[in-house]
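Asker: Requesting a structural model of the entry that follows:
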Amino acid sequence: MARHPSVAAEPADEISAAQAGTLPGLFRARVARSPDAAAYTEFDSGSGQWRAQRWRDIQARMARWRAGLEREGLQPGDRVAILLRNCVEWVCFDQAALAAGLVVVPLYTTDSTEGLLHGLADSGARLLLLEGEAQWRPIAARRAAIPALRTILCLRGGRAADLVAVADWLPAQGSDAPDQAGDPDGLATLIYTSGTTGAPKGVMLSHRGILFVAEAVLERNPGLRDDVFLSYLPLAHSFERVVGYYLPIMSGGQVVYARSIEQLAEDLLTARPTVLLGVPRIYERLYAAIRAKAARSRLAAALLGRAEALGQDRFAAAQGRGPRPGPWARLQWAVLRRLVSARLLGRLGGRLRMAVSGGAPMPAQVARALTALGLPLVEGYGLTEASSAVTGDSAAHPTPGTVGPPLRGIEVSLGRDDELLVRGPGLMLGYWNQPERTRAAIDPDGWLHTGDIGVIRQDGRILIRGRLKDILVTSTGEKVPATDLETAIGLDPLVEQVVVLGEGKPFLVALLVLRSAAWMDLARRLGLPADEPASLRAGAAVAAVLGRVAAALRPFPDHAQVRAVSLSLQPWTIAEGLLTPTLKPRRPRLEARFAAEIAALYQGHPGFEGGGAGGRPPGPEQNAQRPGHPGA
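Answerer: Numbers count the residues shown, from 1 in each chain. Coordinates of the predicted model:
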């Protein structure tokens, strides 16, 4: 793969939404405008080499997929599903299906069998493209649940009776038939929601809505001619699909497909991206790793702390929000930039001009710290029902801790309980086959009720305070933002996963999954055998963890403190149905799965027995004195 020492500052050759008309129209316009420019790069496991492909190469491959779909006898409007990791074939299939007037249904490769069956059955998909036979076996066992599915294409392998090998199915000659997707307002794709509290809903998005959002994002932060995107978030996610796939077609940027999450650190050094998309958890883990490494010595911790403080002062001055640092501060920064900041940016390839965070709110502490250390962080907010992006900060004038102002052409307002309302051309056409839920989501005035709690500042920038459905109401009537507490607790390097509970109860408790390496270190310091399950229930361990939780929740009021914890080393998984494909906890399922552990956390506490709300819940110090304090 070619390595570029710097990024050309030439503006991208952007294609407008009006010029594109539809998504296949966008692709066709890009091929015509930049036929010999690098489009996609991916790793060829056969040769062990990274291989770049031009737009004209992608067009030729897409035409073969189009010819194959034409032979299937599918009609415009039929649904076809795709269950692949991010790769060039994903793009070719998607573009071929869209050009044929078909509706693409992307599925998560990490989803549970139940989730995959729901998407296939609910959408009535006629054709499915998947990676290999292993993906098909659990689905095949329940084939009767998806009667509409006729053809199952297998990209690799395909010996099972139901499967058709793509190598045999794909015609040698491509199709040059005209696009069948002529209506910009027509249905382009069904993207299923994560289903945190119920069955996932199929969000219907139009060509116009997706193109509108991609163009609005580029208007806020224009692309550059030599931009390189590293793609690793699932293309089944609307954020990656719109901003990491359709937007680079619009701007002419190159996309490099990472080999896997496990190899992401190495691929960052190889691809050296200029634009990186990530969800907050990625950046949180990056910051947690920096802090954990610095914590190994007092000197490293002091250097990191000083670098953050100086970096914040420099950032404030650059934004006109503070005085210019003096000579001594500038001298210190010259040293710390090499020791701290340059190492951080070097781990990300060393060429980043924009690191975008979307998909969920990022803790302000993390955003400010990473920005101070030199990461060019841009935060945004969106949801699938709005074609991914609603707001976005400017890379030139970011405000860490906010998700920026609304994009051009999008209106926002606050409804009851400070629910964020959104209106604009990017809104969904509705939920597939669910008109009642559509009416509940979009009111008669055209406002989409997001379910997110927002704050609109005087400068127009927006803060997201959590989800309405994640507000816990205790038996004392206090309202607690569980997501905010979970985010604060999750910043501790000891914590891998966390969910805070307490709806209708006199106080809050938490289920915690600990990181194995961090737990081993803590257990050793406490004199406990780390490999014995009983150690997780030991009074010393519980007291230590409760102390760290209390420190994390110090900014929150007394009624928002966690009073008891259940500890485990066994991560919650998508396959168990405890996480959504986007790794969000399914709170009702977690409560059902760990009902006994949760009940044990409340057992014997004042104010809980008999369902009463009287009495003061115990503090961490009281729980710490109970050697038999329950754990997972």
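Asker: got a list of contacts for stretch 252-267?
Answerer: With Cβ atoms under 8 Å, 6 or more residues apart in numbering as the test, stretch 252-267 has contacts from 1, 12-15, 30, 33-34, 37-43, 50, 52, 86-88, 223-232, 244-245, 247-248, 271, 273, 275, 347. (Each C-beta comes from the backbone N, C-alpha and C, glycine too.)
Asker: In strands, which of the residues you listed appear?
Answerer: 38-43, 50, 52, 228-231, 275 (DSSP state E).
Asker: Of those residues, which pair is most distant in space?
Answerer: Greatest spatial distance in these: 43 and 275, 19.5 Å, computed using Cβ to Cβ.
Asker: Who has more neighbours out of the two?
Answerer: Set residue 43 next to residue 275 and count neighbours by other Cβ atoms under 10 Å: residue 275 wins out with 28 against 20.
Asker: ok but residue 203 is inside a strand, no?
Answerer: Yes - counting by DSSP: H, G, I helix; E, B strand; the rest coil, residue 203 is found in a strand.
Asker: Just grab the bridge partners of it for me.
Answerer: Judged by DSSP bridges, the bridge partners of residue 203 are residue 191, residue 431.
Asker: just checking, it touches residue 385?
Answerer: Yes - counting by Cβ atoms under 8 Å, residue 385 is a contact partner of residue 203 at 5.5 Å.
Asker: quick one: common contacting residues for these two?
Answerer: Here residue 203 and residue 385 have residue 428 as joint contacts, going by Cβ under 8 Å, 6+ apart.
Asker: Neighbour count for those two, which is higher?
Answerer: residue 385 (27 against 23).
Asker: A strand includes the more buried one, no?
Answerer: No - secondary structure assignment (three-state DSSP) places residue 385 in helix, not in a strand.
Asker: re the thing from before, distance to residue 92 and pLDDT added to the ones in strands among the contacts of stretch 252-267, as TSV?
Answerer: Below are the ones in strands among the contacts of stretch 252-267 laid out as TSV (distance: Cβ to Cβ, whole Å; pLDDT from 0 to 100):
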residue	distance to residue 92	pLDDT
38	16	96
39	11	97
40	10	98
41	15	98
42	12	97
43	17	96
50	18	96
52	15	96
228	20	97
229	18	98
230	20	97
231	15	97
275	22	97
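Asker: Which SSE is immediately downstream of the top helix by length along the chain?
Answerer: Longest helix in the chain, counting residues (DSSP state H): helix 298-318. Proceeding N to C from helix 298-318, the next assigned helix or strand is helix 327-336, under DSSP states H and E.
Asker: Taking helix 298-318 as reference, get the angle to that next one.
Answerer: When axes from the mean of the first three to the mean of the last three Cα atoms, to 10 degrees is applied, the directions of helix 327-336 and helix 298-318 differ by 120 degrees.
Asker: And helix 327-336, what does it pack against?
Answerer: On a contact count with 3 or more Cβ pairs under 8 Å, 6 or more residues apart in numbering; DSSP states H and E, helix 327-336 meets helix 298-318.
Asker: How far off centre is the helix it packs on?
Answerer: Centroid separation between helix 298-318 and its chain, computed with Cα atoms, centre = their mean, to the nearest Å, is 28 Å.
Asker: do the same with stretch 537-548
Answerer: Between the centre of stretch 537-548 and the centre of its chain there are 31 Å (Cα atoms, centre = their mean).
Asker: same question, stretch 155-174
Answerer: Averaged C-alpha coordinates place stretch 155-174 at 32 Å from its chain's average position (Cα atoms, centre = their mean).
Asker: Can you point out the buried residues in it?
Answerer: Buried residues in stretch 155-174, counted by 16 or more other Cβ atoms under 10 Å: 155, 158, 163, 164, 166, 169, 170, 174.
Asker: taking these one by one, which sit in helices?
Answerer: The members of these that map onto helices under DSSP H are 166, 169.
Asker: for the stretch 101-250 of the chain, which spans come out with low pLDDT?
Answerer: Residue ranges of the stretch 101-250 of the chain with pLDDT under 70: 195-198.
Asker: which residues of it fall in helices?
Answerer: 113-123, 133-140, 166-169, 207-220, 238-241, 247-251 (DSSP state H, counting those that start in this stretch).
Asker: most residues in a single strand of the protein, which one?
Answerer: Longest strand in the chain, counting by DSSP E: strand 448-456.
Asker: which secondary structure elements does it contact?
Answerer: strand 411-414, strand 419-423, helix 435-441, strand 462-467.
Asker: change it to 6 Å
Answerer: Applying 3 or more Cβ pairs under 6 Å, 6 or more residues apart in numbering; DSSP states H and E, we find strand 448-456 packed against strand 419-423, strand 462-467.
Asker: among the ones you listed, which gets the worst mean confidence?
Answerer: Of all the helices and strands packed on strand 448-456, mean pLDDT reaches its minimum on strand 462-467 (a mean of 89).
Asker: buried ones in the very next helix or strand once past it?
Answerer: Sequence-wise, the next helix or strand downstream of strand 462-467 (DSSP H and E) is strand 471-473. Buried residues in strand 471-473, counted by 16+ other Cβ under 10 Å: 471, 472.
Asker: Same check on stretch 303-313?
Answerer: Going by neighbour count (16+ other Cβ under 10 Å), the buried part of stretch 303-313 is 303, 304, 306, 307, 308, 310, 311, 312, 313.
Asker: Which residue, neighbours along the chain excluded, lies closest to residue 317?
Answerer: residue 324 (4.9 Å; Cβ to Cβ, 6 or more residues apart in numbering).
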